[in-house]
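>>> sequence? don't have it. structure:
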């Protein structure tokens, strides 16, 4: 059923703070004045991040969407349409940390079920789309995040934690709970999507980059 | 022109046509849901799939442009299978509740499922359900039935100009909603019901009342405003059940205002269904004979100069003509159809018409609104202004208005000022908009009754006319100086010369004891308490509204649905309506009442049939011969002319030039402007829901 029912508890007003205003100026400069409605998505992000800074819950309330509509001189419903279409805009309040687990085929084959189970166990969340009792974590199921070579992926807010498994997921969430932010990227011994444990081919010194110089 | 071959038949179509339009030109029926000829193309229902030779797969014909030599196949096995598949997909989530759906019998989905569907579904899983939305007192929603064609979204955005509906969320969760619960604010929202191809949007007031095949359908003309919207009255068992628009591209396209559509329940309430006579200060039921005799007795010996008649806003031209003839036979010059004390330039017919015609809006390239708020005064005409704005593109159709509008006009309009003093600035060229009007090839001005009902109306009109001549709004082949009327009867009455004759009194002159006997033909929109205490009031009309309560004799007439009538719209188009149902009780057609009464007093009107009366109307003014078209201007009209136009309309203040005060809106509450809409519970509901917003906006 409809997932995008507007939540009952909405802030009465929303105003961009000075940091957001500075970002808005940069964004609006990219578009011609009469086409400024194009800036709706960047502005929704700015609003969402500001909510994250101010309240610890990065979401876009209706008041913020109305403010964006007013600024961009577009109908409010057009902003609602965009915000509700994209899953990365949260139209409902979320926890301090937004855990987004990719469960599309490559991640699933590589064990995303373990990641989901670990998230649920540690945070106490029963199902997707729910927020933990302490308000710290929201668990969301997302479609392919485009990092299949590092499957499975757990995205926390804007950061990808790659090559996850059950125990490392538990460790990550425990760290987040302590207020730490472990570095994003692969959680196993590799750089980016390079082979685990270092280079496996082109080991010959002739071909080494340093010699070519 | 481009030649395309549809199923082997070559047809020539304009280059911009879509494949679907080409197929229609070739006489082929293409099923569709999302495509609507008056809305932008969305192409999301996929029902209009056709095969184009050499195209790799079936194409959605609604959004596929034609090209020279294109071969379209509309009836191949591939097309039939594609349609069956689309139909099966659409029906996956559509409930099988046709037996309890108000759309049943006039449902595109139902009809096309019969025509193009496969008859069975292979879908075993659970269907999705969507919560219903509250869109206000007029439109009922059953959103589970929605097939996401987005016609309503496009209508609200493009035609109505109130972008409040949208499709939110995506995929399985996509739904049509206002997102934040609110009532639609459009005066055209009833058209969403017509435009919805399924039963998702239906009429709330008439929910579960009747089935579409039970109606007796009668062509008629809407009288709620002066646009002359072509309507079809649908009645069942002597009761008007609903009103829907008819297509007339020159007048209303296929839209109808909410007041015209939903006032129907007012036709059953507060009706005058028998004559009443005031005896010893109390209204008593009477027979026609008693009413006529007591009225004849009262008129006996009264000089014609002491008898007056005021006509209301909903009258047909037939009753106006009969009343005018009756008054003339009684020797009375006191006639007026301007119960709002409006002033018109009566020297020629152009003085009170929407001269460019409603179609002319589509040719105009600049618009000045003077003391008018078309969104309330003529919602369908307002949609035409918006249509022109969208066609012209950014900056192509500048609009300015003088007089603060109560609500958003639905298009960007520059507010030049609140009062007529801006006209002077436009005349001497000191205002920037004067230049815009001057450079425009076909500038248009619309003067509303916010201007024409003021004491300085003639000065405002003169200033507008001067400006029109100056800017080329009045030129060879183009007359862009337009009067927008709000009363359906007004132009017809002016055409018939229902105006004060020589030494006759006008509407305000007949009040405060100006006449001894006052005959009100459906006139309710003036201060009733200003009628002199000793004035004997005859009220001939169909609703027990303000004036009927003051009347000494009530003659029950017929509402517009209950009599054949002729109406002249604001552009001077003479249109005829037919009788859909009979008047209630002892009420009669108005001209027959007048004809019968004339016989009682021995001044029998010289017509026994409707045709004879219509011949008489054509004799008074030849425009009444030209049914359906915008009548050509005629020569001098009887009862009009020098004597009438020089009769003081309101006061001497007219001569003093433009006053400084701001224009006042003609209607404070769009939903309750006449006896029928005031009697309608639906309109009262609307007034309650939308009223407070308007009051805030007015401040």
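Right, received. Where do you want to start? A quick note: this is a predicted structure, and the numbers were derived from the prediction, not measured.

>>> assign a three-state SS to residue B:616, would you?
helix (DSSP: H, G, I helix; E, B strand; the rest coil).

>>> ok, and the closest non-adjacent residue to it?
Nearest residue to residue B:616 in three dimensions, chain neighbours excluded: residue B:607, at 5.6 Å (Cβ to Cβ, 6 or more residues apart in numbering or on different chains). The way it works is simple: take the backbone N, C-alpha and C, and place the C-beta from them, glycine included.

>>> do you know the pLDDT at that neighbour?
Residue B:607 is assigned a pLDDT of 94 by the prediction.

>>> which residues touch it?
B:322, B:595, B:613, B:615, B:616 (Cβ atoms under 8 Å, 6 or more residues apart in numbering or on different chains).

>>> give me the three-state assignment for it.
Per three-state DSSP, residue B:607 ends up coil.

>>> just the buried members of the contacts of residue B:607?
The neighbour count (16 or more other Cβ atoms under 10 Å in any protein chain shown) marks B:322, B:595, B:613, B:616 as buried among these.

>>> just the ones of these in helices?
Among the buried ones among the contacts of residue B:607, DSSP state H puts B:322, B:595, B:613, B:616 in helices.

>>> max pairwise distance over these: which two?
B:595 and B:616 (11.1 Å; Cβ to Cβ).

>>> for residue 103, which residues are in contact?
Reading this off chain A. A:112, A:113, A:116, A:141, A:142.

>>> um, chain B though
Counted by Cβ under 8 Å, 6+ apart, residue B:103 has contacts B:110, B:145, B:196, B:198, B:199, B:202.

>>> wait, which of those residues is closest to residue A:14?
The shortest approach to residue A:14 among the contacts of residue B:103 belongs to residue B:196, at 34.1 Å (Cβ to Cβ).

>>> how many neighbours does the closest one have?
Other residues within reach of residue B:196, judged by other Cβ atoms under 10 Å in any protein chain shown, total 26.

>>> identify the residue nearest it in space, chain neighbours excluded?
Residue B:196 sits nearest to residue B:152 (Cβ to Cβ, 6+ apart), 6.0 Å away.

>>> likewise residue B:662?
The shortest distance from residue B:662 to any non-neighbouring residue, by Cβ to Cβ, 6+ apart, is to residue B:418 (3.6 Å).

>>> closest one of the buried ones among the contacts of residue B:607 to residue B:524?
Distances from residue B:524 to the buried ones among the contacts of residue B:607, taken by Cβ to Cβ, are shortest for residue B:322, at 19.7 Å.

>>> just the pLDDT for that closest one.
With respect to pLDDT, residue B:322 scores 96.

>>> isn't it up against residue B:603?
No: counting by Cβ atoms under 8 Å, residue B:322 does not reach residue B:603; the two are 11.9 Å apart.

>>> measure stretch B:341-354 end to end?
Start to finish, the residues bounding stretch B:341-354 are 19 Å apart (Cα to Cα, to the nearest Å).

>>> quick one: buried residues of that stretch?
Buried-residue list, stretch B:341-354, by 16+ other Cβ under 10 Å: B:341-346, B:348-354.

>>> reformat the buried ones among the contacts of residue B:607 as CSV; add distance to residue B:32.
As requested, the buried ones among the contacts of residue B:607 are exported to CSV (distance: Cβ to Cβ, whole Å):
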residue, distance to residue B:32
B:322, 49
B:595, 51
B:613, 46
B:616, 49
